[in-house]
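what's the 3D shape of this:
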Amino acid sequence: MPGTGPPVIVLGVRRSGTTLLRVMLDRNPELAVPDESYFVPQLARRHRTPVDPGAFVDDLRRLPTLVEWGLSTASVQARLRPGMTTGEAIAEVFAAYAADRGKPRWGDKTPLYMQHLTVLERLFPDARYVHLVRDGRDAALSFLSVPVGLMTEGWGHPRDAAGFACQWATEVAAARALGARIGPARYHELRYESLVAEPEAELRAVCAFAELEFEPAMLDYVGRNDSARKAHQQRLNEPPRTGVRDWRTEMAESDRHGFEEVAGALLADLGYDVETRGTGRRKLAAYRLETGAWRGVGALVQRSPLWSRRHPPLQ
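Sure thing, here's the model as predicted:
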């Protein structure tokens, strides 16, 4: 892998505080963690090992993410060589972003990839994973308050607390299963509630795990990050604090019950207080079937010539 250390990949369900953690990590002078990338599964589906550098760069020219990052395809192209694996080629996109910022290591934070963990595992065999877990009921309150249109809505997109519980339980369980496979040397789990209560202590633990030096500047992000400009990321305009969401006072009883009927057992396993230790097997099975079908359709489109026609060159 490029750089002087393995990539650091932040995992977490949407609205679990992953952007907060990304902003903190990105302020480390050794690590660049850009805004959400989205393109990893697409490129992995379209380019098999060994990667053809010309075809790979042609696809990079069509990615809006690179434009948003201010990253030129030429800077990536200069790093490619014949015979690279798919993972090596994709890693060079992130490495180019980091190099532009004078940093030797790269990371990623894209909650969508919680549905593609086996892809990440295959592409980046030495990656370090930091899994941020938040009480799913608080995450549900946050998720369901996001204005319509700010998130891509595929099949299975949650419309209520029970629907979000399906996503939360599925993705948290998948990330923990990844951790069980790769072991504690490559997987670190922390709670959002601990991160906002004791940010320095938690960041020091993350840095030790990721083989980074802790820097006090990592906590000095208020007014120094672009993500805070987004309407749904206004909390980044203030220091971390507890009680931003509280399902005990804000969530309707019917919603709490609906969430716990699906994910109560997992909440309890993670140490959260629950009244109902539900497992929601039927709802979870239906959710996984629906979202799996959505990903399958997406994979077919991304592998076909239709993808290129839908994504004209931007650079």
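
The stretch 151-300 of the chain: helices as residue ranges?
For the stretch 151-300 of the chain, applying DSSP state H, counting those that start in this stretch gives helices covering 161-182, 192-197, 199-210, 247-250, 253-269, 281-303.

of all those helices, which lies closest to residue 97?
Closest approach to residue 97 among the helices of the stretch 151-300 of the chain (C-beta to C-beta): helix 199-210, 17.6 Å. Bear in mind the C-beta positions are built from the backbone N, C-alpha and C, glycine included.

ok now that closest one, how far from the chain's centre?
18 Å (C-alpha atoms, centre = their mean, to the nearest Å).

what does stretch 117-135 give?
A distance of 9 Å separates the centroid of the chain from that of stretch 117-135, by C-alpha atoms, centre = their mean.

Ok, stretch 201-211 next?
Centre-to-centre, stretch 201-211 and its host chain are 18 Å apart (C-alpha atoms, centre = their mean).

tell me the mean pLDDT for it?
Mean pLDDT, stretch 201-211: 98.

and it, which residues are buried?
Neighbour-count burial for stretch 201-211, counted by 16 or more other C-beta atoms under 10 Å, picks out 202-203, 205-207, 209-210.

Alpha carbons only: can I get it in PDB?
Extracted in PDB, the C-alpha atoms of stretch 201-211 (Å, rounded to 0.1, in the frame of the first residue of the first chain):
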ATOM      1  CA  ALA A 201      -8.900   9.800  25.800                       C
ATOM      2  CA  GLU A 202     -10.800   8.100  23.000                       C
ATOM      3  CA  LEU A 203      -8.700   9.800  20.300                       C
ATOM      4  CA  ARG A 204      -5.500   8.800  22.000                       C
ATOM      5  CA  ALA A 205      -6.800   5.200  22.000                       C
ATOM      6  CA  VAL A 206      -7.600   5.400  18.300                       C
ATOM      7  CA  CYS A 207      -4.300   6.900  17.500                       C
ATOM      8  CA  ALA A 208      -2.400   4.200  19.400                       C
ATOM      9  CA  PHE A 209      -4.400   1.600  17.500                       C
ATOM     10  CA  ALA A 210      -3.700   3.300  14.100                       C
ATOM     11  CA  GLU A 211       0.000   3.900  14.800                       C
END
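
which residues of the stretch 51-200 of the chain fall in strands?
105-109, 128-133, 187-191 (DSSP state E, counting those that start in this stretch).

just checking, what packs against the first one?
Other elements packing on strand 105-109 under the criterion 3 or more C-beta pairs under 8 Å, 6 or more residues apart in numbering; DSSP states H and E are strand 8-11, helix 18-26, strand 31-32, helix 86-100.

which one of those is the most hemmed in?
Of all those, strand 8-11 has the most neighbours on average by mean count of other C-beta atoms under 10 Å, namely a mean of 26.

That strand: how far from the chain's middle?
Averaging C-alpha positions (C-alpha atoms, centre = their mean) puts strand 8-11 7 Å from its chain's average.

Please apply the same query to stretch 109-118.
Mean-position distance between stretch 109-118 and its chain equals 5 Å (C-alpha atoms, centre = their mean).

Residues touching that stretch, excluding its own?
Contacting residues not belonging to stretch 109-118 are listed as 9-14, 16, 18-19, 21-22, 33, 35-38, 40-41, 119-120, 171, 174-175, 178, 291, 295 [C-beta atoms under 8 Å, 6 or more residues apart in numbering].

Could you do stretch 34-50 as well?
Under C-beta under 8 Å, 6+ apart, the answer for stretch 34-50 is 22, 26, 55-56, 59, 63, 65, 68-69, 82-86, 89-90, 93-94, 97, 108-113, 116, 119-120, 123, 226-227, 299, 302-303, 307.

for it, which positions count as buried?
34-37, 39-47.

ditto for stretch 237-250
Residues of stretch 237-250 classed as buried: 240, 245, 247 (neighbour count, 16+ other C-beta under 10 Å).

my guess is the last one meets residue 258, correct?
No: with contact taken as C-beta atoms under 8 Å, residue 247 and residue 258 are classed as non-touching, separated by 11.9 Å.

Touching both of these two, which residues are there?
With C-beta under 8 Å, 6+ apart applied, the contact sets of residue 247 and residue 258 do not overlap.

beta partners of residue 187?
Note on residue 187: beta-bridge partners by DSSP bridges are residue 129.
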